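Chemist: Model the structure of this input:
(2 chains)
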2 protein chains.
Amino acid sequence: MTSLEPALAYARDHRERFLDRLKELVRIPSISTLPEHKLDIERAAAWLAEPLGRLGMTRVEVCPTEGHPVVFAESERRADRPTVLVYGHYDVQPVDPVAEWVSDPFGAEVRGDYLYGRGASDMKGQIWAQLCAIEAMAAQGALPVNLKYLIEGEEEIGSPHLEAFIEAHRDLLACDVVLNCDSGIHGPDQPSITYSLRGLAYFEVEVRTAAKDLHSGQFGGSIRNPLHVLCELIAGMHDAAGRVTLPGFYDDVRELDADERGVLRRVPYSDAAWLRLAGADTLFGEAGYTTIERVGARPTLEVNGIWGGFTGAGAKTVLPARASAKISMRLVADQRPEKMEGCLRAYLEANAPEGVAWELREHSRGPGAVMDRNSPYMRAAVAALEATFGVDPIFKREGGSVPVVGVMQQRLGVDSIMLGFALPDDGIHGPNERQYLPNFHKGVETYIRFLIGLATSGA
Amino acid sequence: MTSLEPALAYARDHRERFLDRLKELVRIPSISTLPEHKLDIERAAAWLAEPLGRLGMTRVEVCPTEGHPVVFAESERRADRPTVLVYGHYDVQPVDPVAEWVSDPFGAEVRGDYLYGRGASDMKGQIWAQLCAIEAMAAQGALPVNLKYLIEGEEEIGSPHLEAFIEAHRDLLACDVVLNCDSGIHGPDQPSITYSLRGLAYFEVEVRTAAKDLHSGQFGGSIRNPLHVLCELIAGMHDAAGRVTLPGFYDDVRELDADERGVLRRVPYSDAAWLRLAGADTLFGEAGYTTIERVGARPTLEVNGIWGGFTGAGAKTVLPARASAKISMRLVADQRPEKMEGCLRAYLEANAPEGVAWELREHSRGPGAVMDRNSPYMRAAVAALEATFGVDPIFKREGGSVPVVGVMQQRLGVDSIMLGFALPDDGIHGPNERQYLPNFHKGVETYIRFLIGLATSGA
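Modeler: So this is what the prediction gives:
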């Protein structure tokens, strides 16, 4: 049995080196959506595979997929220990708007208690904290559980090849529980466990009204402007109460019951703090729900990008031929992502004006998930957080999507324990993303306590 | 008195050289809106100033302004001849979408009867044809009229410094009539004279709902999406009948009377040909007006560009902080461009939701104009077109804007004769802009006949 205290002491003694190594990882610009970063993706995968070989893993592989590779590893398997599959991703989001970053997005600069850089919080800081915990336990001579690793490189583009990889390697990935590090806690001193995630369906729409760009003086007033058409279509996708108008959109939504509304009311929340976090002046959303419910338990449709016509500096009097938008939906139980394209298509068919051509294509999709709040794994996580932070964790729903959690439920039949230490104000996906370093170190300790706790609880 | 036939013969003998020189001019990428082309702007101005010095002008100057320079020239002044001020511009539009060009936008490639290149039609081909006509007459030993030239470099960005230049040089520019070459004819074998131009007011709007880009999972459903807000605002700018909803927008519009509707009904037009020209499937516009009326005699509001959020390849789940649009209006008599910012501001104030910040700024503006169809100058233009094309010209209204025409009316008290030879399918402002070469050569002959005709008519 791995002893707890020496492992914790080891982790405390090596904080500086752990952080230096994290900076190395953050400096690799592994942006999965941009083809020009393909080599960086490969560098990040190799960087993570290297230490795994020194931490008691008996097999480490960088497995090719049709997209970016998966880092897989497993330790020696002993039948008397539970098997934990650690999930993470080494890819990151693009950095635009780059002008709003205070320091180089891939500079890994420390300012105060924070490490700044794209991916510092989402999720290089989290997966690296987990590996640091393993190092601390391996240094005591043995690991407390059987470990497997699945670290992918396509999470930020919707994990297009992950489900096939999992399906093709079900035996290899067989486990008792998934430790999913792609998560966060409610506040620096308020640990929390996410038991629900929204699903995602992401589309691109193009509208065309002419074969080529036209002069707005020569034709303006006689030919439909595709920017007007696209704006009208988007404007019609919500009603005045903030509800999505797509046919069938709410058909499968599981309504919250009184019990769960009670659980969610215990999540600390204030309008003022939420607005400060967003940098916004006003709350807005679907009528009849609290902000916590809107974000965690209600589906949304958001335009993530729009473009068309002349967008440079100055003025160009063009009547454009086409306009495009990226439109995504966050889904809740029991909505099925694969049904959403049909809802959007039905809306466009019913509402696109005559003579306007449009195209719809899906970029990615993934299921949401709801986990059992009373499993032994969940109880071990609660105990580890309480011991590390000195505060009882709260249960919460997450508005973001970690589609792999639903895929693991469906393909491997196991729940995921969402145990990561990102904070709501880390600025993930935006400029000046950062990792709060005190919680990076608490994260290492929590992972140690969780895995040793699992081994001793007889889960 | 300059003789007509020798001048026409000279023009016919020098067609090949005239075209070679036009290619030189088209190859200068004098894009006025892009700062990186500042040197090309200066090259184009110098290129035009050079021949003017050899064509009987006694004074040629490239005059600095606060923006791009104005090329000014004048011939010896004789009191017994009318004074004609030739207006043109040497700047061009940007070339995006560049991928849709078949050949280099600045390659000046001839394919069939066309010269392809940005600016070939708008308006390097037109101003150069006029200079070729002067060469043909100067070669006979004398010019038939007093000539002045004002060739600007900021027409495609709304001529921000031209009105001040004209106001500051009213004596220098004094004339009996303006020959404005920035114009076209109805079809290759159907000459026409434009007697009305729409004005323009061009704006940019930015909408903001948060201080920074947010994660669409973390905040989606609880904070307003500025792309939705902008789309709703734009969607509301027209009603179901295609009318603009901005408060006061139509207040000063001069309605067409029965007489003028009759003049416009004589403009050859077919729906099928118009749609083919636009590459569109469906006509659309303000209820109660014909296409010719919608384009020539009715004001419009068009979104010329829109952008916000993630617009690269792939998917990014961002809830953006801001969204922007370029919005322009084409104005008719007696709308005043300077009133339009107030209309747009009033609309935004009434319709932007609470908690949404917006900014509005004006890029450019210029008045429209209506000219006397029965002046001696107009009659000379009609005669020159009829003699060159063998067909009576029609009178038409132009949907585009040549703000200098209104400025010349207001500041110099003179009408402009719109005499240029661009064709509706030249693709100006779009990809694969071209000049129809048979009409370039007819243009040279028309300019010769017009100026000699003016001198002999005693205008």
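Chemist: Show me how chain A divides into domains.
Modeler: A:4-197+A:368-457, A:200-253+A:299-365 (automatic domain parsing).
Chemist: mind giving me JSON lines with those domains and columns for distance to chain B and mean neighbour count?
Modeler: C-beta: built from backbone N, CA, C; applies to glycine. Formatted as JSON lines, the domains of chain A follow (distance: least, CB to the nearest CB, whole Å; neighbours: other CB atoms under 10 Å in any protein chain shown):
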{"stretch": "domain A:4-197+A:368-457", "distance to chain B": "3", "mean neighbour count": "20"}
{"stretch": "domain A:200-253+A:299-365", "distance to chain B": "3", "mean neighbour count": "21"}
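Chemist: Which stretch among the ones you listed approaches B:M418 most closely?
Modeler: Set against B:M418 and scored by CB to CB, these come closest in domain A:200-253+A:299-365, at 13.3 Å.
Chemist: for the closest one, the distance to its chain's centre please.
Modeler: On the basis of CA atoms, centre = their mean, to the nearest Å, domain A:200-253+A:299-365 sits 25 Å off its chain's mean C-alpha point.
Chemist: Quick one: end-to-end length of it, please.
Modeler: 5 Å (CA to CA, to the nearest Å).
Chemist: all helices of the stretch 351-459 of chain A, in order?
Modeler: Using DSSP state H, counting those that start in this stretch, the helices of the stretch 351-459 of chain A run over A:376-389, A:403-412, A:437-457.
Chemist: Would you format the domains of chain A as JSON lines with mean pLDDT included?
Modeler: As requested, the domains of chain A are arranged in JSON lines below (pLDDT from 0 to 100):
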{"stretch": "domain A:4-197+A:368-457", "mean pLDDT": "95"}
{"stretch": "domain A:200-253+A:299-365", "mean pLDDT": "96"}
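Chemist: Looking at those domains, which is nearest to A:V263?
Modeler: domain A:4-197+A:368-457 (5.8 Å).
Chemist: all strands for the stretch 1-150 of chain A, in order.
Modeler: Assigned by DSSP state E, counting those that start in this stretch, the stretch 1-150 of chain A shows strands spanning A:57-63, A:70-75, A:83-89, A:109-111, A:114-116, A:146-152.
Chemist: and B:S401, which of those strands is closest to it?
Modeler: Taking these one by one with CB to CB, strand A:114-116 is closest: 48.5 Å.
Chemist: What is that closest one packed up against?
Modeler: Here strand A:114-116 touches helix A:15-26, strand A:109-111, strand A:434-436, helix A:437-457, going by 3 or more CB pairs under 8 Å, 6 or more residues apart in numbering or on different chains; DSSP states H and E.
Chemist: Figure out how far that strand is from the centre of its chain.
Modeler: Strand A:114-116 has its C-alpha centroid displaced from the chain centroid by 19 Å (CA atoms, centre = their mean).
Chemist: Doesn't A:F165 lie inside a helix?
Modeler: Yes. Per DSSP: H, G, I helix; E, B strand; the rest coil, A:F165 lies within a helix segment.
Chemist: Do I have it right that it meets A:H68?
Modeler: No. At 11.0 Å, A:F165 does not count as touching A:H68 under the criterion of CB atoms under 8 Å.
Chemist: one step back: among the domains of chain A, which comes closest to B:E349?
Modeler: B:E349 lies closest to domain A:200-253+A:299-365 among the domains of chain A, at 18.8 Å (CB to CB).
Chemist: I appreciate the help and will end here.
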